[in-house]
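**Student:** fold the following and give me the result.
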Amino acid sequence: MPLVCPAFNPGLVHGGADLADPPPHGERPSLMLHNYPSTPYAAFLVQMLAIVVWLCGGATRPTAAAVLSAVFAVGAALVLGIGLSFLPISLVCIVLMGIGLLGFTPLFTAWTYFEQQRVAWKLAAS
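**Tutor:** Presented below is the predicted three-dimensional model:
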């Protein structure tokens, strides 16, 4: 599922410029990321690489586990923010169509990252 999400681009990153081109002076930045389309893709790439390294057992040293713990914590916070922003729409769509259940995917992903962060932190502390 995580590999399919960037392909469908659920409206979080449509249009806009790149990081080098912020919103014009005097214009308030949007809560969505259309002004910075490369940012979520870069975060997604870092998170996927971190989870692959973690699941392949690449964090045997405490220092590596600490770095992965920090990456998972940041990823969990980002995904939780996205999930909470989708929550009202998801609840309405559950009542109307039932398809709103897919809107809970970021919340489950955030929970997974928090759990992996907790395990990595314990490994780093040992």
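**Student:** ok, now how distant is Gly57 from Leu123?
**Tutor:** Distance of Gly57 to Leu123, given as CB to CB, to the nearest Å: 11 Å. Where you see a C-beta, it was placed from the backbone N, CA and C, and this is true even at glycine.
**Student:** counting contacts, what elements does the strand or helix carrying Ser69 pack onto?
**Tutor:** Under the criterion of DSSP states H and E, Ser69 resides in helix 62-96. Helix 62-96 sits against helix 38-55, helix 105-125, with contacts defined as 3 or more CB pairs under 8 Å, 6 or more residues apart in numbering; DSSP states H and E.
**Student:** ok, Tyr113 to Val74 distance?
**Tutor:** 9 Å.
**Student:** more crowded one of those two?
**Tutor:** Tyr113 (23 against 16; other CB atoms under 10 Å).
**Student:** hmm, Gly83 and the more buried one touching each other?
**Tutor:** No. Counting by CB atoms under 8 Å, Tyr113 stays clear of Gly83, with 11.1 Å between them.
**Student:** quick revisit: out of the helices and strands packed on helix 62-96, which comes closest to Ala66?
**Tutor:** helix 105-125 (3.8 Å; CB to CB).
**Student:** alright, calling it a day.
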